[in-house]
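>>> need a 3D model of the sequence below.
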Amino acid sequence: MKWRLVGLGAVMIAAGGTALADPECRPIAPPQDRPYPGTIRLHVDAADFNRRVFHIHETLPAVGGEELVLLYPEWLPGTHSPTGRNRINKLAGLTVSAVNTPLGWRRDACDVFAFRIMPPQGAASIDVDFDYLSADSGQSGPGSGAEVSPDLLVLEWSSMVLYPAGYDVRGIAVDPSVTLPQGWEFATALDPAPDYPAAPFKRTSLETLVDSPLFAGRYAAHWELDPGAPVPVRLNVFADRPELLKAKDLDKYIGHHRALVQQAYKLFGSMHYDHYDFLVTVSEHIRKGGLEHHRSSEDGTSPEYFTGWDKTMARRELLPHEYAHSWNGKFRRPKDLWTANYNVSMGDGLLWVYEGQTQYWGKVLAARSGLWSKEEALDALANIAAYYKRQPGRRWRNLQDTTYDEVLAPRFLPQSWASWRRSEDYYNEGALLWLDVDTLIRELSQGQHSLDDFARDFFGVDDGDIGPKLYDFDDVVRALNTIQPYDWASFLRAWLDNLDRDPLDGVTRGGYRLTFTDTAGKYTESAEKTYEFTSFVYSLGLSMGKGGKVGAILWDSPAFAAGLAPGVQIIAVNGIAYEPDRLKEAVKNSPNTTAPIELITKDDDHFRAVRIDYHDGPRYPHLERVEGAPPRLDDILAAK
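Down below sits the predicted model:
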């Protein structure tokens with residue numbers, strides 16, 4: 001006999017190549033729409049912040065003599081991928097007991113996220129204890145940047161629970177509680193219990209619990225974003241230091257966030273929550289990025305979000321993006337992205353709607369709310385327009401195929417040569433798709449209709465309902481045809497399937513053209529400061545990180561032709577030690593010389609000279625108004 005790995009399990013292969021079923025691979029009950037008998041009591045001790053360890057205790061109903069299969073969440077809404085693979089290695093110290101007697105447990109031979117337990121006769125419940133070993137700031141890979149620091153923490157309930165197989169998560173009741181470090185404040189979308197703080201949270205479903213992360217910290221500030229409204233919206237910000245929660249024009253900045261709420265209501269014409277909480281970290285230590293939830297969003301951003309407002313503009317579309325997901329992604333969701341529990345695989349084929357249109361609305365709402373100026377919004381659009389106009393990966397791989405990237409190449413993996421391989425382009429190229437749709441609706445209807453009408457009719461239906469209300473491709477096409485009759489099915493399939501689609505049609509129809517100048521726009525300047533890189537993408541075809549480390553290389557660019565690769569360190573420019581401004585100066589002077597730009601590079605222990613034959617000077621993208629063309633893009637970005 002020999003063994004062959006198949007997925008996460010294994011089968012035995014007989015001498016003639018015949019597959020024999022592994023006798024340990026027994027079926028696990030699929031989720032069924034039925035109430036779970038009883039309630040899970042779940043307590044998370046999050047006070048051990050120095051060691052970044054969460055201690056979890058659960059009590060689950062059980063029937064003595066009947067095997068219980070507990071699952072650790074693998075597929076989570078909003079991640080579009082089996083992100084449990086990144087977290088289950090942090091589960092440690094698992095022990096199980098019943099009636100004060102230790103029990104054995106066994107991991108399922110074919111599903112590493114399943115644990116089989118046999119409660120003894122007479123047992124009515126079991127106790128489960130384990131630790132979640134959160135990443136520290138020195139670790140690389142998934143979760144790097146940490147969920148815990150000495151001053152704040154992010155608690156993901158999905159990392160803290162084992163739950164029974166055989167039930168829809170919406171039918172599993174949970175009594176959650178948490179121990180936090182002394183004196184820390186917290187915020188979450190979970191509803192407080194009537195006898196708070198004795199019991200902190202109301203009983204809830206596992207679905208709602210997992211969709212309601214908790215942020216806590218020493219230094220926090222909370223603002224009402226819709227004061228006096230019957231449905232509250234709150235901005236909860238947690239910081240490394242108290243001074244990060246103060247700024248000279250703080251009231252003005254909070255005003256833009258209040259405007260965001262009102263602009264979203266005008267766009268969608270509804271709300272699908274009974275309250276909403278922005279959960280924001282302004283931190284050097286906690287991981288950056290966002291994740292959407294129905295009644296809240298996780299938003300990890302720069303420490304200087306308030307105190308360095310002008311410098312952090314590139315991050316100010318994060319909150320509008322995640323907020324728009326309450327409508328697009330949480331309330332309305334592609335059919336193949338809804339599953340009955342967290343261990344059923346999802347399908348990502350409609351991420352160009354789920355994420356692509358949300359990316360579009362995130363940029364539009366940032367402009368309409370004043371989080372961005374019109375000029376900043378145009379610069380942001382210019383950057384993605386320039387990238388996809390030039391991106392070589394579009395020559396071989398269509399936009400539809402990129403929707404599988406969360407499974408094929410999850411974002412925590414190295415992303416070298418992204419311009420050729422492509423990487424989650426359903427976000428930004430998806431935004432250009434929806435700009436094209438928006439401007440086309442406006443053109444065909446002579447300004448009477450727009451994608452705003454689609455947002456209201458598609459995402460804004462059933463005001464107050466939490467859903468999810470599921471959809472497929474045909475539903476999207478029908479809704480567009482209700483707004484403006486057209487062959488939308490062919491239009492969308494051409495965008496998704498063809499390799500020769502001009503990504504700038506929406507920009508052109510919006511009354512603008514893509515141009516390049518020798519001056520960086522505000523968005524580029526902010527992005528360079530915020531993400532700590534220097535961009536030569538549209539000149540040399542590369543970006544530089546800290547310490548002279550080459551970041552991205554544009555395939556078929558001058559830097560590519562010269563033999564540079566991501567990760568190589570540049571130590572000298574034209575014979576002088578590397579500094580970002582020195583390379584900028586060399587690019588600026590390139591039209592005045594026939595000599596190439598000479599770089600000395602270090603690749604591990606190897607040094608070599610690299611010569612880039614480039615003579616066109618600095619090139620930064622901008623959108624320029626076309627005289628006489630209808631200013632549709634101006635109308636799109638204007639506050640309502």
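>>> quick one: contacts for the nearest residue to residue 465 once chain neighbours are set aside?
Leaving aside its chain neighbours, residue 465 sits nearest to residue 272 (6.2 Å; criterion: Cβ to Cβ, 6 or more residues apart in numbering). The C-beta positions use only the backbone N, C-alpha and C, and glycine is treated the same way. Contact analysis of residue 272 by Cβ atoms under 8 Å, 6 or more residues apart in numbering lists 294, 326-327, 330-331, 462-467.
>>> just the pLDDT for residue 272.
If you check residue 272, the pLDDT there is 95.
>>> follow-up on the earlier one: most neighbours, which of the contacts of residue 272?
Of all the contacts of residue 272, the most densely surrounded is residue 327 (27 neighbours; neighbours counted as other Cβ atoms under 10 Å).
>>> what count of nearby residues applies to the nearest residue to it once chain neighbours are set aside?
Excluding the flanking residues, the one nearest residue 327 by Cβ to Cβ, 6+ apart is residue 459, at 4.0 Å. Residues contacting residue 459 under the criterion other Cβ under 10 Å number 26.
>>> for residue 176, pull up the helix or strand it's in.
strand 173-179 (DSSP states H and E).
>>> need the residues that contact that strand.
Counting by Cβ under 8 Å, 6+ apart, 35-36, 38-47, 155, 157, 161, 186, 190, 199-201, 203-206, 209, 214 sit against strand 173-179.
>>> how about a cut-off of 6 Å?
Strand 173-179 is touched from outside by 39-47, 200-201, 203-204, 206, 209, with contacts defined as Cβ atoms under 6 Å, 6 or more residues apart in numbering.
>>> from the chain's centre, how far out does the helix or strand following that strand sit?
With elements assigned by DSSP H and E, the helix or strand that comes after strand 173-179 is strand 185-188. Centre-to-centre, strand 185-188 and its host chain are 21 Å apart (Cα atoms, centre = their mean, to the nearest Å).
>>> which strands and helices sit next to strand 185-188?
strand 214-217 (3 or more Cβ pairs under 6 Å, 6 or more residues apart in numbering; DSSP states H and E).
>>> what's next to the strand it packs on, contact-wise?
By Cβ under 6 Å, 6+ apart, the list of residues contacting strand 214-217 reads 151-155, 180, 184, 186-188, 238, 279.
>>> next SSE after that strand?
Using DSSP H and E, the helix or strand that directly follows strand 214-217 along the chain is strand 219-224.
>>> quick one: list the elements packing against that following strand.
Strand 219-224 packs on strand 233-239, going by 3+ Cβ pairs under 6 Å, 6+ apart.
>>> now residue 390: how far from residue 296?
38 Å (Cβ to Cβ, to the nearest Å).
>>> next, the buried residues of the biggest helix by length in the chain.
Using DSSP state H, we find that the single longest helix of the chain is helix 250-268. Applying a neighbour-count criterion of 16 or more other Cβ atoms under 10 Å, one finds 253-254, 256-265, 267-268 buried in helix 250-268.
>>> how about exporting that helix as PDB, limited to the C-alpha atoms?
Presented in PDB, the C-alpha positions along helix 250-268 are these (Å, rounded to 0.1, in the frame of the first residue of the first chain):
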ATOM      1  CA  LEU A 250     -11.100  67.200  14.900                       C
ATOM      2  CA  ASP A 251     -14.700  68.500  14.700                       C
ATOM      3  CA  LYS A 252     -14.300  69.000  11.000                       C
ATOM      4  CA  TYR A 253     -13.000  65.500  10.500                       C
ATOM      5  CA  ILE A 254     -15.800  64.000  12.500                       C
ATOM      6  CA  GLY A 255     -18.200  66.100  10.400                       C
ATOM      7  CA  HIS A 256     -16.900  64.300   7.300                       C
ATOM      8  CA  HIS A 257     -17.800  61.000   8.900                       C
ATOM      9  CA  ARG A 258     -21.200  62.200   9.800                       C
ATOM     10  CA  ALA A 259     -21.600  63.300   6.200                       C
ATOM     11  CA  LEU A 260     -20.600  59.800   5.100                       C
ATOM     12  CA  VAL A 261     -23.600  58.300   7.000                       C
ATOM     13  CA  GLN A 262     -26.000  60.800   5.300                       C
ATOM     14  CA  GLN A 263     -24.600  60.300   1.900                       C
ATOM     15  CA  ALA A 264     -24.900  56.500   2.300                       C
ATOM     16  CA  TYR A 265     -28.500  56.900   3.200                       C
ATOM     17  CA  LYS A 266     -29.100  59.200   0.200                       C
ATOM     18  CA  LEU A 267     -27.400  56.600  -2.000                       C
ATOM     19  CA  PHE A 268     -29.100  53.400  -0.700                       C
END
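>>> need the next SSE after it, C-terminal direction.
Downstream of helix 250-268 (by DSSP H and E), the next one is strand 276-282.
>>> what strands line up against that next one, and which way round?
Sheet pairing here is set by DSSP bridges, and for strand 276-282 it gives strand 233-239 (parallel), strand 296-301 (parallel).
>>> tell me how far the longest one lies from the chain's centre.
Pointing back at strand 233-239 there. On Cα atoms, centre = their mean, the centre of strand 233-239 falls 19 Å from the chain's centre.
>>> sorry, back to before: would you mind writing the ChimeraX command to select the buried ones in the contacts of strand 173-179?
The buried residues among those can be selected in ChimeraX (16+ other Cβ under 10 Å) with this line:
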select :40,41,42,43,44,46,47,200,201,204,206,209
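>>> gap between residue 262 and residue 365?
10 Å.
>>> now swap in residue 471 and tell me
Residue 471 is 21 Å from residue 365, by Cβ to Cβ.
>>> the two: which is more packed in?
residue 365 (27 against 19).
>>> helix or strand for the more buried one, which one?
helix 356-369.
>>> elements contacting that helix?
helix 250-268, helix 318-324, helix 428-444.
>>> pipe those into JSON lines and attach distance to residue 491 and mean pLDDT per row.
Converted to JSON lines, the helices and strands packed on helix 356-369 look like this (distance: least, Cβ to Cβ, whole Å; pLDDT from 0 to 100):
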{"stretch": "helix 250-268", "distance to residue 491": "22", "mean pLDDT": "98"}
{"stretch": "helix 318-324", "distance to residue 491": "23", "mean pLDDT": "98"}
{"stretch": "helix 428-444", "distance to residue 491": "8", "mean pLDDT": "98"}
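>>> make a markdown table from these and add distance to residue 176 to it.
Formatted as a markdown table, the helices and strands packed on helix 356-369 follow (distance: least, Cβ to Cβ, whole Å):
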| stretch | distance to residue 176 |
| --- | --- |
| helix 250-268 | 28 |
| helix 318-324 | 23 |
| helix 428-444 | 35 |
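>>> out of those, which is closest to residue 107?
helix 318-324 (34.8 Å; Cβ to Cβ).
>>> quick one: distance of the closest one to the chain centre.
With Cα atoms, centre = their mean, you get 10 Å for helix 318-324.
>>> so who does residue 524 touch?
residue 620.
>>> rerun that using 10 Å as the cut-off
Taking Cβ atoms under 10 Å, 6 or more residues apart in numbering, we find residue 524 in contact with 314, 379-380, 382-383, 534-535, 537-538, 620-622.
>>> most neighbours of all these, which one?
Counting neighbours by other Cβ under 10 Å, residue 380 leads the contacts of residue 524 with 28 neighbours.
>>> secondary structure element holding the closest residue to that residue other than its chain neighbours?
With sequence-adjacent residues excluded and distances taken as Cβ to Cβ, 6+ apart, residue 380 is closest to residue 523, at 4.6 Å. Assigned by DSSP H and E, residue 523 falls within helix 522-531.
>>> any idea which helix or strand comes after that helix?
strand 534-536.
>>> is residue 385 in contact with residue 363, as I believe?
No. Counting by Cβ atoms under 10 Å, residue 385 sits too far from residue 363 to count as a contact (11.8 Å).
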